[in-house]
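Visitor: here you go, sequence then predicted model.
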Amino acid sequence: MSRAISEIPATTAAPEFCAGIQYFGATWADYAEHAAKAVIGEDATAVADPADARAVYQTLLGADALRYLTLQVCGAKASGHPGGFASSAEAYASLVMLGHTNIVTEVGHHAPGFYSAMFLDTSLEAMGIHTVQQLRERFREKHGLLGHLSGAIPGILAPAGPLGQGQHFAMAGALLHPGTLFPFTLGDGGMGEPYILSAMMHFNTAYPRVTNFLPTLIWNGYSQEHHSMVSTMRDDEMIAYWRGHGFKEVVLVDAKTFDDSGQQGAYVDSTRFSLQQRLAFTAAVLQGMDRAAKSALSGTLTCFIVKQLKGAGVHALGAKSHNLYPADTLDKQHIIEGLQRRAMPPQAWSIVRDNFRRAGGGPAVKTSVTEKVLELAPLGKLPATDYALGDKAVPSTAMGVLVAEVGKRDPRYLVTNADGNEASGMKNINDALKIRHPTADELYNQTPTGQVYEPLNEDACAGLAAGLALFGSRALWLSYESFAINGWPIIQTVTQAMAELRRKTPSIVCMFTAGALEQGRNGWTHQRPEIENYFAAMMRNGNVYPLFPVDANMIQAAFEWGTNSYNKGVVIIASKSPLPVYTTLVQGQEAVECGAVTLYESTGGTRGTVVLAVTGDMVLLPVFEAKTQLEQAGYSVRIVAVVNPRRLYRPTDVAWSTVSEPDHQFMDDVHFNALFDGDALLAVSGGPSASLEPVLLRTRAPRRDVVCWQRGETTATPTEIMAFNGITAEGMLARVQGLMGRS
């Protein structure tokens, strides 16, 4: 589709927001008839009729505006990913024109396209971006528009980076906001990521009436650097694939059907069609999207698929369009030609902006569901059980009582678990809240209305819980510590997003049971506490808190603290075995708040004071045995439980001041030294050592060492697995004697 191109200065009659657009094009045929004014009126939120020729024409204008901006902002930095979004432009523009603007994506590489949409609807003015020039300048810059999506950007609902996560945000939004459509785009390159379709299938089985999310597959034949693995599928095979995962309505629009330019291959670039056929293709997308949206909103599990060559309408095609490199600058001929092909007259830009800022009821920064705080049910004080000192109680079971109470007080509260609560000593959660399942069965605590969500993969568990928390609701992910790594990436994504959000949202709370020390007979498959190093590394982010309660009283304090916190990632590590109670409820609360607590202290030793700094609960069994042997050897001993190590860092160690809802509470030197000063310090963990880093960084003890997890093995008892890892009283005594023998 050829037309005259002109490069005009910003001082012409072009709207002010167009300052920075390098090229303007000639007016399209029939412009006066179809684009005299915006088809979405001042008091409207969407096009009145998707079959209206004006609506189709202006949807295509919107698609080309998105393509132009996407390529120009990427070219401004010779960086970014224009190709994938370019093949989605008609689909995205159709959603906007239909008034469905709560759009999520699992494709972080579509970021420049989403930013372009937020610029067109004026959302980015909230961060001082008023012109295309400013859009160009702040793309991929600090305090600007980061290379992959973040909820910190006005109007953007959720982050996108790692593939396979977008559906979780869309399903969470659908669950929390009935009647609102949550489309999410995914690419065929990422469609093979684990669990995307199976996660939606499980969700639909559990919540058959919650169909107001709309997966929108951008089937363009390529992933990042090669053909996608589904590129050889026929249209009917792709439809069957989705139907096989429970989708009753599959709307597929294939650009090849409209091609009048003689392109070869199954995937074609619609921007090379004649204007008449471009409009015919756009009409099919707009009307197909309308059909899909209405289907999803009326109770049918639906997906929409647009099949169009990757890079349609930008500087290159296929995987070669995916990424810009340092040589792909705005003064290079292939970039210039790409921009000129998409150039539009100034009045067209005004039409597009009017439509986009009116669609959905206003700019996304004002209308997206995540732009305001979701009202929460009040919890009040939870009914904690005060276990007597010296008694034995199961920490996970004690926490389960409070989880059940939160679920009763907050009907939206959701608990997710892949391996089952009963296996973690938390059957009381199932008894109270019930497993959500289409088969009602009292024996298994199953009911179609339950608040316990149990898909058999950790990604789906973590994903829905994290999505709900990010979108403003309370949720809890329960897992075996061993398997949590399979769901943790989306928790990492969400906690980072929470650190950047411009609003308060409940923290995502996780609790991991069945730690390495409890799982001897299962062998190393169930002995993988190394994930604790992951949490420990994330403490420095500023809003991640691994908690190590020592008993049934303290775990209640940890859970209540996490549940009542905001914009944090809270991870509780605890056992499902009966263990001694070392602290009162009050002591537990103080330990969680302050970071650590003394569990035991002796005096009178003639050979010096030994501090045992400990993370964990079951590991305290050999620690107290070591205490006895150390005292017999002439040492004074202080056992300090490291409960909330994030609070034990120095303020300069943590990026606390850069996050939303900042927490600047750190233990001061006076209190820290009172806990950890001694002649020797032995840091002990039932897991890896990284959670003890704050103690090792700050301690003034002249001698220090670490006893911690090494690796798993099949054993008959926890004692045996601890011995295999050198976590024994005798081993600790030997370490201390070695330390104290040094000069």
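Guide: Alright, I've got the coordinates.
Visitor: mind listing what's buried along stretch 231-247?
Guide: 231, 233, 235, 238-239, 241-242, 245-247 (16 or more other C-beta atoms under 10 Å). In this view, the C-beta of every residue, glycine as well, is placed from N, C-alpha and C.
Visitor: for the chain, which residue occupies the most central location?
Guide: Val494 (3.3 Å; C-alpha atoms, centre = their mean).
Visitor: re earlier: sort out for me which of the buried residues of stretch 231-247 are in strands.
Guide: Within the buried residues of stretch 231-247, no residue falls in strands by DSSP state E.
Visitor: let me have these in CSV, adding pLDDT and distance to His110 as columns.
Guide: CSV is the format used below for the buried residues of stretch 231-247 (pLDDT from 0 to 100; distance: C-beta to C-beta, whole Å):
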residue, pLDDT, distance to His110
Ser231, 94, 19
Met233, 95, 22
Asp235, 98, 23
Met238, 97, 20
Ile239, 97, 24
Tyr241, 95, 22
Trp242, 96, 21
His245, 95, 23
Gly246, 96, 26
Phe247, 98, 22
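Visitor: run through this structure and note the low-pLDDT ranges.
Guide: 1-12, 194, 742-743 (pLDDT under 70).
Visitor: mind giving me the domain ranges of it?
Guide: Using automatic domain parsing, the domain ranges for the chain come out as 5-365, 392-740.
Visitor: picking that back up, of the buried residues of stretch 231-247, which belong to helices?
Guide: Using DSSP state H, the subset of the buried residues of stretch 231-247 located in helices is 235, 238-239, 241-242.
Visitor: counting neighbours, what do you get for His110?
Guide: By other C-beta atoms under 10 Å, the residues close to His110 number 29.
Visitor: wasn't it part of a helix?
Guide: Yes. His110 sits within a helix when classified using DSSP: H, G, I helix; E, B strand; the rest coil.
Visitor: secondary structure element for the closest residue to it other than its chain neighbours?
Guide: Nearest residue to His110, sequence neighbours excluded (C-beta to C-beta, 6 or more residues apart in numbering): Phe85, at 4.3 Å. Phe85 belongs to helix 83-86 when assigned by DSSP states H and E.
Visitor: sorry, back to before: in what helix or strand does the residue nearest to the centre of the chain lie?
Guide: Per DSSP H and E: helix 488-500 holds Val494.
Visitor: which helices and strands does that helix pack with?
Guide: If you count contacts as 3 or more C-beta pairs under 8 Å, 6 or more residues apart in numbering; DSSP states H and E, helix 488-500 packs onto helix 458-470, strand 508-513, helix 531-538, strand 569-573.
Visitor: for those, give me TSV that also has mean neighbour count.
Guide: Output for the helices and strands packed on helix 488-500, formatted as TSV (neighbours: other C-beta atoms under 10 Å):
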stretch	mean neighbour count
helix 458-470	29
strand 508-513	28
helix 531-538	21
strand 569-573	27
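Visitor: ok, which of the ones you listed comes nearest Asp669?
Guide: Nearest to Asp669 among these is helix 531-538; the distance by C-beta to C-beta comes to 21.7 Å.
Visitor: ok now the closest one, how far from the chain's centre?
Guide: Chain-centre distance of helix 531-538: 17 Å, with C-alpha atoms, centre = their mean, to the nearest Å.
Visitor: what comes into contact with it?
Guide: 481, 484-485, 488, 492, 495, 512, 544, 546, 569, 571, 573, 645, 685, 687-688, 690-691, 693 (C-beta atoms under 8 Å, 6 or more residues apart in numbering).
Visitor: for ChimeraX, what selects the buried ones among those?
Guide: The ChimeraX command for the buried members of the contacts of helix 531-538 (criterion: 16+ other C-beta under 10 Å) is given here:
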select :481,484,488,492,495,512,544,546,569,571,573,645,685,687,688,690,691,693
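Visitor: centre of the protein to the edge, which residue is at the far end?
Guide: Thr606 (53.9 Å).
Visitor: now it, what's its secondary structure?
Guide: Classification of Thr606 by three-state DSSP places it in coil.
Visitor: need the phi and psi values for the nearest residue to it once chain neighbours are set aside.
Guide: The shortest distance from Thr606 to any non-neighbouring residue, by C-beta to C-beta, 6+ apart, is to Gly634 (5.1 Å). The phi and psi values for Gly634, taken as degrees, to the nearest 10, are phi 100, psi 10.
Visitor: would you agree Gly634 is in contact with Gly605?
Guide: Yes. Counting by C-beta atoms under 8 Å, Gly634 touches Gly605, with 5.5 Å between them.
Visitor: higher neighbour count, these two?
Guide: Remark: of Gly634 and Gly605, Gly605 carries more neighbours, 16 against 12, as counted by other C-beta under 10 Å.
Visitor: for that one, give me its contacts.
Guide: 631, 634-637.
Visitor: picking up where we left off before, mind picking the two most distant members of the buried residues of stretch 231-247?
Guide: Ser231 and Gly246 (23.8 Å).
Visitor: contacts only, for His81.
Guide: By C-beta under 8 Å, 6+ apart, the neighbours of His81 are 74, 109-112, 322-324.
Visitor: go on, Asp52?
Guide: Going by C-beta under 8 Å, 6+ apart, the list of residues near Asp52 reads Val39.
Visitor: with Ala158 instead?
Guide: Applying C-beta under 8 Å, 6+ apart, the residues near Ala158 are 104, 149, 151, 166, 169, 370, 467, 470-471, 497.
Visitor: again, only this time at 10 Å
Guide: 102-106, 149-151, 165-166, 168-170, 172-173, 182, 184, 368, 370, 466-467, 470-471, 493-494, 497 (C-beta atoms under 10 Å, 6 or more residues apart in numbering).
Visitor: just these: which are in helices?
Guide: 166, 168-170, 172-173, 466-467, 470, 493-494, 497.
Visitor: quick check, nearest of these to Gln263?
Guide: Gly166 (29.6 Å).
Visitor: isn't Asp49 right up against Ala55?
Guide: Yes. Counting by C-beta atoms under 10 Å, Asp49 does reach Ala55; the two are 6.4 Å apart.
Visitor: looking at the two, which one has more neighbours?
Guide: Neighbour count, other C-beta under 10 Å: between Asp49 and Ala55, Ala55 has more, with 26 against 13.
Visitor: which residue is the nearest non-sequential neighbour of that one?
Guide: Using C-beta to C-beta, 6+ apart, the closest residue to Ala55 is Val47 (4.0 Å).
Visitor: that neighbour looks like it's in a helix, true?
Guide: No. Judged by three-state DSSP, Val47 forms no part of a helix; its state is coil.
Visitor: next secondary structure element downstream of the helix or strand hosting Glu593?
Guide: Element membership for Glu593, per DSSP H and E: helix 585-594. As assigned by DSSP H and E, the chain's next helix or strand after helix 585-594 is strand 596-601.
Visitor: one step back: gap between the helix holding Phe85 and the chain center?
Guide: The answer for helix 83-86 is 22 Å, by C-alpha atoms, centre = their mean.
Visitor: for that helix, list the C-alpha coordinates in PDB.
Guide: C-alpha atoms of helix 83-86 as PDB (Å, rounded to 0.1, in the frame of the first residue of the first chain):
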ATOM      1  CA  GLY A  83       8.300  -7.700  15.700                       C
ATOM      2  CA  GLY A  84       6.000  -9.800  18.000                       C
ATOM      3  CA  PHE A  85       3.700  -6.900  18.900                       C
ATOM      4  CA  ALA A  86       3.600  -5.800  15.200                       C
END
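Visitor: what about the helices in the stretch 601-743 of the chain?
Guide: 620-632, 669-676, 693-698, 718-724, 729-740 (DSSP state H, counting those that start in this stretch).
Visitor: for Gly712, give me its contacts.
Guide: With C-beta under 10 Å, 6+ apart, Gly712 has these contacts: 482, 516, 519-520, 522-530, 721, 724-725.
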